[in-house]
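**Q** next one to model:
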Amino acid sequence: MSRIGKMPIETPPAVEVELQRNKIYAKGPYGQLSHELHSGLLLKRENNKLFISVEPRFKKSLSAFWGMHRSLVANMIQGVHQGYSKILEIIGVEYRANIEGQRLTLYLGGSHPFYYTVPSEITVTVEKNTIITLVGADKALLGRVAAEIRSLRKPGPYHNKGIRYQDEKVVLKPGKTAGAK
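**A** Numbers count the residues shown, from 1 in each chain. Below you'll find the predicted structure:
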C-alpha cells in the first residue's frame, strides 16, 4: 500500500478539474494541463478532493505506480493554480543573457553566442543580464528547460564561472600552491 497514493489531492476553487475515464484535465490561472493514468488506476472526486485508488485485480502490479501518479496529478494541479519557477544565475566576466520573444541568447565566453528557443509554455525574463527566471505550469518541462540551459556552461570547480541554479552550492577545488615540493 502506498502512503503517498492514499493521500487526497486538494483542488483549489480557482482550478477546474475534469475527469474522463483515466484522463484528468486541469485548468487554472497559469494554463491547462492533462495527465493520463494507467488503466488500472481509478480517479474519484469527493467535494474538493481527488482520490486515486488501484483496482483490486491490479493491486500487485500497479502498487509501484500508485504514489507516482498521485504526485504527478498533485503537481499538475499546483502548477495550474500557482505555477512553478526556477531561477538561474550567470556568473563570469562578460557572461550575459538577452531574451527576444521566445529566443534566449547567451554570451558565455566563447567566440559565438548560444541560442536557445524556449517552449511556448514557459515564460522567461532576464534581469540585470545575469539572472534568468523561468515560470511555467508544467513542473517536468520547466525542470528540463532549466537543466538544458544550465548544461550550456556548467559552473566550473576552479573558477566558479558558468550558469547555476540560484541556491546551488558549488564546491571549489583548491588551486595549485606555490613552493610545494
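
**Q** now residue 69, what's its secondary structure?
**A** The assignment at residue 69 comes out as helix when based on DSSP: H, G, I helix; E, B strand; the rest coil.

**Q** go on, residue 148?
**A** helix.

**Q** my guess is residue 150 contacts residue 165, does it?
**A** Yes. Using CB atoms under 8 Å, residue 150 makes contact with residue 165 at a distance of 7.1 Å. Heads up, the C-betas are built off the backbone N, CA and C, glycines and all.

**Q** longest strand of the chain?
**A** strand 84-91 (DSSP state E).

**Q** which residues touch that strand?
**A** 78, 96-97, 106, 108, 129-139, 142-143, 146, 149-150, 155, 160-166 (CB atoms under 8 Å, 6 or more residues apart in numbering).

**Q** only alpha carbons, please: show that strand as CSV.
**A** C-alpha atoms of strand 84-91 as CSV (Å, rounded to 0.1, in the frame of the first residue of the first chain):
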residue,chain,number,x,y,z
TYR,A,84,6.4,26.8,-10.7
SER,A,85,9.6,28.9,-11.1
LYS,A,86,13.3,28.3,-11.5
ILE,A,87,15.9,31.0,-11.2
LEU,A,88,19.3,30.6,-13.0
GLU,A,89,22.3,32.9,-12.3
ILE,A,90,25.1,33.6,-14.8
ILE,A,91,28.4,34.2,-13.2
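
**Q** just checking, next helix/strand downstream of that strand?
**A** strand 96-100 (DSSP states H and E).

**Q** could you list the domains of the chain?
**A** Listed by automatic domain parsing, the domain ranges of the chain are 3-81, 84-165.

**Q** pLDDT value on residue 1, please?
**A** Here, the pLDDT recorded for residue 1 equals 56.

**Q** please apply the same query to residue 148.
**A** 91.

**Q** ok, residue 27 next?
**A** pLDDT, read off for residue 27, is 90.

**Q** same check on residue 42?
**A** For residue 42, pLDDT reads 74.

**Q** that one belongs to a strand?
**A** Yes. Under three-state DSSP, residue 42 falls within a strand.

**Q** beta partners of it?
**A** residue 53 (DSSP bridges).

**Q** kindly report the same for residue 85.
**A** Going by DSSP bridges, residue 85 forms beta bridges with residue 135.

**Q** how far away is it from residue 14?
**A** Using CB to CB, to the nearest Å, one gets 18 Å for the distance from residue 85 to residue 14.

**Q** so what's the residue count around the nearest residue to residue 3 once chain neighbours are set aside?
**A** Spatial nearest neighbour of residue 3, excluding adjacent residues (CB to CB, 6 or more residues apart in numbering): residue 67 at 7.4 Å. For residue 67, the count of nearby residues is 17 (other CB atoms under 10 Å).
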